[in-house]
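Trainee: got a sequence here, can you build the structure:
(5 chains, ligands or ions: 4)
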Amino acid sequence: RGASPDLSKVTLRIGDQVGQHRSKLQAAGLLADVPYKIEWSAYPAAFHLHEALKAEAIDIGAANDSPTASAIAGGSKIAVVAAWGNGGKGTRLYVPKGSTAQSVADLKGKTISPTTRGSVAHFLVVGELRKAGLTESDVKLAFLNPVDAGAAFAAGSIDAWATWGIYGARIRSTLGARVLSNGEDVNSGLFVFSAARSALQDPAKVAAIADYADRIERSYRWSREKKADHIAWYKTYAKQDEETALAVYDDDVPYRRLKIDEEFAGRLKKTFDTWTSVGVLNGAFDFRDYLYRDLAVGA
Amino acid sequence: MSGRDNHDLAVRVRGLTRRFGERAVIDTLDLDIRKGEFVALIGASGCGKSTLLRILADLDHGITGEVRVPRRRAVAFQAPRLMPWKSVWRNVTLGLPGGDHRGRAEAALAEVGLSHRSDVWPKVLSGGEAQRTSLARALVRDPDLLLLDEPFGALDALTRIKAQHLVAELWQRRRCAVLLVTHDVEEALLLADRVLVMREGVIARSIPVTLDRPRRLDNPVFAALRGELLDLLGVSEDVAGRRAA
Amino acid sequence: MSGRDNHDLAVRVRGLTRRFGERAVIDTLDLDIRKGEFVALIGASGCGKSTLLRILADLDHGITGEVRVPRRRAVAFQAPRLMPWKSVWRNVTLGLPGGDHRGRAEAALAEVGLSHRSDVWPKVLSGGEAQRTSLARALVRDPDLLLLDEPFGALDALTRIKAQHLVAELWQRRRCAVLLVTHDVEEALLLADRVLVMREGVIARSIPVTLDRPRRLDNPVFAALRGELLDLLGVSEDVAGRRAA
Amino acid sequence: MPKLRAETHQPVSVADAPELVLVQPEAERRRGLPRPLRRAIGPVLLVALWHVLSVTGVLPPTVLAGPATVLSSAASLWATGELQAAILASLGRAASGLAIGGTIGISLAVISGLFRLGEDLVDSTMQMLRTVPNIALIPLFIIWFGIGEAPKVALIALATAFPLYLNVYAGIRNVDQTLVEAARTLGLSRPAMIRHVILPGALPNALVGLRYSLGVAWLALVFGEQVNATAGVGYLMNNAREFFQTDVIVVCLVVYALLGLIVDFIVRLLERLLLAWRPAFSGA
Amino acid sequence: MPKLRAETHQPVSVADAPELVLVQPEAERRRGLPRPLRRAIGPVLLVALWHVLSVTGVLPPTVLAGPATVLSSAASLWATGELQAAILASLGRAASGLAIGGTIGISLAVISGLFRLGEDLVDSTMQMLRTVPNIALIPLFIIWFGIGEAPKVALIALATAFPLYLNVYAGIRNVDQTLVEAARTLGLSRPAMIRHVILPGALPNALVGLRYSLGVAWLALVFGEQVNATAGVGYLMNNAREFFQTDVIVVCLVVYALLGLIVDFIVRLLERLLLAWRPAFSGA
Ligand SMILES: Nc1ncnc2c1ncn2[C@@H]1O[C@H](COP(=O)(O)OP(=O)(O)OP(=O)(O)O)[C@@H](O)[C@H]1O
Ligand SMILES: Nc1ncnc2c1ncn2[C@@H]1O[C@H](COP(=O)(O)OP(=O)(O)OP(=O)(O)O)[C@@H](O)[C@H]1O
Ligand SMILES: [Mg+2]
Ligand SMILES: [Mg+2]
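Mentor: Ligands and ions are numbered 1, 2, ... in the order given. The predicted structure follows:
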């Protein structure tokens, strides 16, 4: 690497799911001294973000591994520049309070909502069914949007619901939902930053991306070190009560930065293969071609 | 006009007023029509004849005063008001109780000379044809009060005579009360028992026509009445004789 | 009817046919109207008078034959056809070139006795008021051919005389050709240079009226012409005298 | 032989003629609450029902928060200024979108309403495009218009163009032919004809289209504000769905519902102003 | 003094009167292609444009697949039977939803169109509800109707009820008051009045509503088929969008567009059959 490029002329266009990173970086004071300009844009879900990325309307954006694999399969010209993993926490399989099911095997013949098709929760359901020696045809899968699935769960229209984050926390607290499986050995727990290939042509922009990735890493560190601050931020950002904020804290903070290497390509491929095996995605990709391995990793 | 027994009346109006904004088009008007009486109503354009008819047809409630009319009424409006989405014959029998609508419509249309038009849409009718359809629609009903608003205005001389004849015949058979609005003084005198002249919101004059029927235009009493009525309408004999510049 | 110089004509129709389905309402009709000529057209209801007028107004193209008319025409239709979304005075001057529409509309409305109604919506007009508005709308224009389809049908005797006077005056001043459809034989004779009788799709008779103006109803020539026309319309003198049953 | 026979009733003699009925003046007929109050009954009943269902637990709060919760959520959103900001942002977008979409829709409707040739070219194309789901076009709009305000406004423009097109076109084709003829004899130029005859005649229908478009403009925001929005009612709702904030979702629904009432009010006002000429039926 | 003065032109003498113009018979005026062919021009041009943009690379295939790609994708979806299954599934839902929603919409429109009291209760409520985004109501529908076919059909019913309501209601209020009066004097019973006067008078508007509803029924599937669907055009499209299958998205869009043309054809046919009585303007 040569002399550090002039960042002051760079404008980094960052796509941000539900504005989370921007808000958190702000709260952690990590946006005060950014040496380049950031143009934020916010999207409600991963595929909206990837639509923008595919159109090269943004330079960089983060999503779970599954939507990233979908985007690659859909012909999006992106490269993974950075990734974090939390060890598979956060996405769980829930049953209602009164459910008699004690294991995934007990759900045979029942209706499970894996939330939306191709979501991390769907990934979990696929893995759990395999672990229990079941196939998808042994249960009824009801794909629903999170809010709709919540209603179906509350109304008893589904016997189990695989979901993540706030949804899980809320049904635990308000409906007394029970965790049937915490999914830690199934979930990939990957959080992936993808960049438009065009953005990676510009060394200055690459430097800015590297800096931004470092700030994300520092924000995770901030969350772990300043729990009270994180909780306070989260409560206002997501408009949740203390209980919910605390409930999701342990899942949200243990993200560790991963190296973008051969092994990571393998993890992406594993996710992709799971999806092809259930017919959600198809095609054949060498995910090593979709990595950008040269991003400087700082502090 | 008021000394009669109520039981004998087909229309009883007392102190009727109808205002549009500031203007009282009908202004404390009294009117009695006996059962079976044929009354013609004349008056200048815009004096309130159609307004009065609408009230007697129970279509206008922005009124003050007492208005009593029979339950069964039939109306032929000044404009034909045919339902454009119904063929001519269906227009004629619309709302008629009983069966064989087609047959009754055909008979009525034959009387007004429209047998050949019974299946067409109203939009293709000529002005006079539409007016005759509207007349047939009123006559085919069985009213106690027949309200006719210039029903012959768009008809040629021969068709008009036939239509007048038709109304007279229905009236004589049914003995219903008839209120006929017309601009034709001779027509009023040929048909009516009494001619009302409307002016400034009231019935300004009520002129009984005691001539025997059938009436003749060349009867001297007829001519005198005609002169009197034209005078009331503001047309002097001289002007009536020498009309165009 | 055909020997004249074309240059002298305001309307020239040759072999005009108009069919509705199988029926030829107008059937190889020929018609010439000289510049400045006042022609009245009479005929039974439904015989095709309005159809002919529509063709002369260049509104109906489902025709065969040759029809020539001046470029500047004005029409008063049988129904008033006022734009319901325009106040009365705006209806009168709609499409008029030049300025001071309000003033010209007021003047025209005053002539037909509607000064007090110039700001209202057409929906509140009485039948005769609407007809007079439509007439004012035609008269306020500057036509070479004036087509009037029963323009006085809904008017009382006095108003009708005034309106007739108005048309006659405009015609004398402008010397435009006028084609007046009417059901009133006396009206035709009072106003026109020539009376056309339409029957079975053609001009069956063309009767010149050579009486001097102003004309009087009590002129014996007038009475004779009147009898002749009524006869052509199928009304015998006897029926005309003794009309209602 | 008289043929116009009254067959259903035997001819009655004058003596046993029927009783007269009184024509009731309006003043004695009309009673009760004033109009605006009566129009409020429906919505008020609905809110009451909702309240009862919430209080009795038939509607669990995780699905649909009750009116009380919603009110307090709305109050706090108002206190932080978020709600006002959202409404203002959405209002701006809806207004621009409607202006563009309305202009396009009405212009195309006039073209295909007036000219056979225009109809041939435009109408079937519009009929075809109008059933294409907007959301599927968002990726295209991002490519053409980026991720700023433009694609959001474009989406609203697209969504609002069709109802106005459909209704104005139908309105033009519903204009009384006899009036068009009359206008032709008055020597109106083509633009004058459009202005003075065709458009006023199509106005009752056009206002239905406007009513529709005003509603659709806001509904389209739900999708438009999925693209890089940080404010707006659609954004607020999408966000609330992500964060499972059922109370905020319902606040948004209430905002939408109120908006529907405002749209209704505006269009009613326009109808009163612009359609005063109409001799139309107004209910019994 | 003559007051009806022609002020724009000096009175002309008979000698210099103007030339006559010939009234052109129609046969000589009309020429060109037959109607259905001419109506195809617009859509065909659009497809041609799309093809050209695709071939020249202005529309890259990752953004919007070209007609050729789409045809082959459609063919393979057809070969697997997926496309037919999707269309059939959606058709069934759209038909049931439309039947229910249409009945509700028209009934409510008749109630509020005819009765002042009905209007007071129903109209403002409908105006309020119609601007509420459907997708936000899905949770409610799930609670009430489960996750089977019922909520999907309910959603379509809801979506289709409003256009029919709006247009039929407007149609009823647009019925000529003078005809209603005339009908009243004919002694029609209330049901007869509705059947013979009000509804036929509202028909031109109702058909606009139907046109709208027929389109909306399919559009609502995009949301309805987010609820636990395994087949359907909306499902196919949602899926394709989430998994960036641009070719499948476009196949769905084409299906929707064709559907728009079919709807147009059906409604035109109905108009020709049901509105033959109308003396309306039909374009120049
Ligand atoms: N709804 C209304 N609002 C205001 N003025 C009205 C309304 N209806 C009628 N008028 C006015 O009331 C007057 C009387 O109208 P009406 O129709 O009764 O006249 P008419 O005697 O029948 O006249 P005509 O012989 O011309 O038909 C007219 O000047 C008319 O303009
Ligand atoms: N579009 C049409 N389709 C079919 N028939 C039509 C059409 N227009 C007019 N007719 C018929 O043509 C005939 C002539 O109509 P027209 O309006 O010219 O009569 P008219 O002489 O003006 O009669 P009136 O004195 O009653 O006004 C009528 O029988 C009418 O029903
Ligand atoms: Mg009148
Ligand atoms: Mg005529």
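Trainee: what's the burial count for the residue of the stretch 101-250 of chain A found nearest chain E?
Mentor: Residue nearest to chain E within the stretch 101-250 of chain A: A:A151 (3.5 Å; C-beta to the nearest C-beta). (Each C-beta comes from the backbone N, C-alpha and C, glycine too.) Per other C-beta atoms under 10 Å in any protein chain shown, the neighbour tally for A:A151 reads 28.
Trainee: for B:G43, which non-adjacent residue is closest in space?
Mentor: B:M198 (3.5 Å; C-beta to C-beta, 6 or more residues apart in numbering or on different chains).
Trainee: checking that neighbour next. Helix, strand or coil?
Mentor: In three-state terms, and counting by DSSP: H, G, I helix; E, B strand; the rest coil, B:M198 is strand.
Trainee: follow-up on the earlier one: what's the residue of the stretch 101-250 of chain A closest to chain E sitting at in phi/psi?
Mentor: In terms of degrees, to the nearest 10, the main-chain angles of A:A151 are phi -60, psi -40.
Trainee: same question, D:R38
Mentor: Dihedral pair for D:R38: phi -70, psi -30, per degrees, to the nearest 10.
Trainee: just checking, it touches E:D120?
Mentor: Yes. At 4.0 Å, D:R38 and E:D120 qualify as touching, with contact defined as C-beta atoms under 8 Å.
Trainee: compare the two (neighbour count), which wins?
Mentor: Using other C-beta under 10 Å, the more surrounded residue of D:R38 and E:D120 is E:D120, with 22 against 16.
Trainee: distance of D:Y235 from chain B?
Mentor: 48 Å (C-beta to the nearest C-beta, to the nearest Å).
Trainee: so what touches the helix or strand harbouring that residue?
Mentor: Using DSSP states H and E, D:Y235 falls within helix D:233-242. Outside of helix D:233-242, the residues within contact range by C-beta atoms under 8 Å, 6 or more residues apart in numbering or on different chains are A:18, A:44-45, A:145-147, D:77, D:82-83, D:86-87, D:89-90, D:218, D:221-226, D:229, D:245-246, D:248-249, D:251-253, D:255-256, E:133, E:136.
Trainee: how far off centre is that helix?
Mentor: 23 Å (C-alpha atoms, centre = their mean, to the nearest Å).
Trainee: closest residue of chain A to chain D?
Mentor: Taking C-beta to the nearest C-beta as the measure, the point where chain A comes nearest chain D is A:S41, at 3.5 Å.
Trainee: repeat that for chain B.
Mentor: Closest to chain D within chain B is B:D142: 3.4 Å, counting by C-beta to the nearest C-beta.
Trainee: my read is that residue is in a strand, agree?
Mentor: No. Using three-state DSSP, the assignment for B:D142 is coil, not a strand.
Trainee: what's the spacing between it and chain C?
Mentor: Look at B:D142 and chain C: by C-beta to the nearest C-beta, they are 20 Å apart.
Trainee: what about residue 247, neighbour count?
Mentor: Using chain A here. Neighbours of A:A247 under the rule other C-beta under 10 Å: 19.
Trainee: I was thinking of chain D, sorry if that wasn't clear
Mentor: 21.
Trainee: if I look at D:I172, how far off is chain C?
Mentor: From D:I172 across to chain C, the span is 14 Å (C-beta to the nearest C-beta).
Trainee: in which helix or strand would I find that residue?
Mentor: Judged by DSSP H and E, D:I172 forms part of helix D:149-173.
Trainee: packing partners for the helix or strand that that helix is followed by?
Mentor: Moving toward the C-terminus from helix D:149-173, the next helix or strand (DSSP H and E) is helix D:177-185. For helix D:177-185, the packing partners by 3 or more C-beta pairs under 8 Å, 6 or more residues apart in numbering or on different chains; DSSP states H and E come out as strand C:73-76, helix D:190-193.
Trainee: need these in CSV (columns: mean neighbour count, mean pLDDT and distance to A:D241).
Mentor: Shown next, in CSV, are those (neighbours: other C-beta atoms under 10 Å in any protein chain shown; pLDDT from 0 to 100; distance: least, C-beta to C-beta, whole Å):
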stretch, mean neighbour count, mean pLDDT, distance to A:D241
strand C:73-76, 26, 94, 78
helix D:190-193, 13, 90, 63
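Trainee: what's the closest of these to B:G113?
Mentor: B:G113 lies closest, by C-beta to C-beta, to one member of the helices and strands packed on helix D:177-185: strand C:73-76, at 26.0 Å.
Trainee: just give the closest residue to A:E39, not the sequence neighbours.
Mentor: What sits nearest to A:E39 in space, not counting adjacent residues and going by C-beta to C-beta, 6+ apart, is A:R13, at 4.5 Å.
Trainee: checking my notes, that neighbour in a strand, right?
Mentor: Yes. A:R13: assigned to a strand according to three-state DSSP.
Trainee: how much space between it and A:F193?
Mentor: 13 Å (C-beta to C-beta, to the nearest Å).
Trainee: residues near residue 253, how many?
Mentor: All of this is about chain A. Neighbour tally, A:V253, other C-beta under 10 Å: 18.
Trainee: my question was about chain D
Mentor: Neighbour tally, D:L253, other C-beta under 10 Å: 22.
Trainee: give the buried residues for the stretch of helix or strand it belongs to.
Mentor: Under the criterion of DSSP H and E, D:L253 resides in helix D:246-274. Residues D:246-257, D:259-261, D:263-264, D:267-268, D:271 are the ones in helix D:246-274 that count as buried (16 or more other C-beta atoms under 10 Å in any protein chain shown).
Trainee: for the nearest residue to B:T64 once chain neighbours are set aside, give me its contacts.
Mentor: Spatially, and ignoring its direct neighbours in sequence, B:T64 is nearest to B:T17 (4.9 Å; C-beta to C-beta, 6+ apart). B:T17 makes contacts with B:A24, B:I26, B:D27, B:T28, B:L29, B:I63, B:T64, B:G65, B:G201, as judged by C-beta under 8 Å, 6+ apart.
Trainee: residues in contact with residue 28?
Mentor: Because you didn't say which chain, this covers chain A. Here A:A28 is in contact with A:R218, A:S219, A:W222, A:S223, A:K226, A:D229, A:W233 (C-beta under 8 Å, 6+ apart).
Trainee: was after chain B, sorry
Mentor: Applying C-beta under 8 Å, 6+ apart, the residues contacting B:T28 are B:G15, B:L16, B:T17, B:G65, B:G201, B:V202.
Trainee: roughly how far apart are it and C:F20?
Mentor: Relative to C:F20, and taking C-beta to C-beta, B:T28 is found at 51 Å.
Trainee: can you give me the helices for the stretch 101-250 of chain A?
Mentor: Secondary structure of the stretch 101-250 of chain A by DSSP state H, counting those that start in this stretch: the helices cover A:120-131, A:146-155, A:165-175, A:203-225, A:227-238, A:242-252.
Trainee: ok, now which ones touch B:W89?
Mentor: Contacts of B:W89 by C-beta under 8 Å, 6+ apart are B:H101, B:R102, B:A105, B:E106, B:L109, B:S118, B:D119.
Trainee: wait, the last one touches B:N91, no?
Mentor: No. Look at B:D119 against B:N91 with C-beta under 8 Å: they stay out of range, at 11.3 Å.
Trainee: before we move on, back to that, quick one: the residue of the stretch 101-250 of chain A closest to chain E and E:I143 touch, right?
Mentor: Yes. The pair A:A151 / E:I143 is scored as a contact, 5.4 Å apart, by C-beta under 8 Å.
Trainee: quick one, what contacts whatever residue of the stretch 51-200 of chain A ends up closest to chain E?
Mentor: Closest to chain E within the stretch 51-200 of chain A is A:G74: 2.1 Å, counting by C-beta to the nearest C-beta. Taking C-beta under 8 Å, 6+ apart, we find A:G74 in contact with A:H50, A:K54, E:T62, E:F243, E:F244, E:Q245, E:T246.
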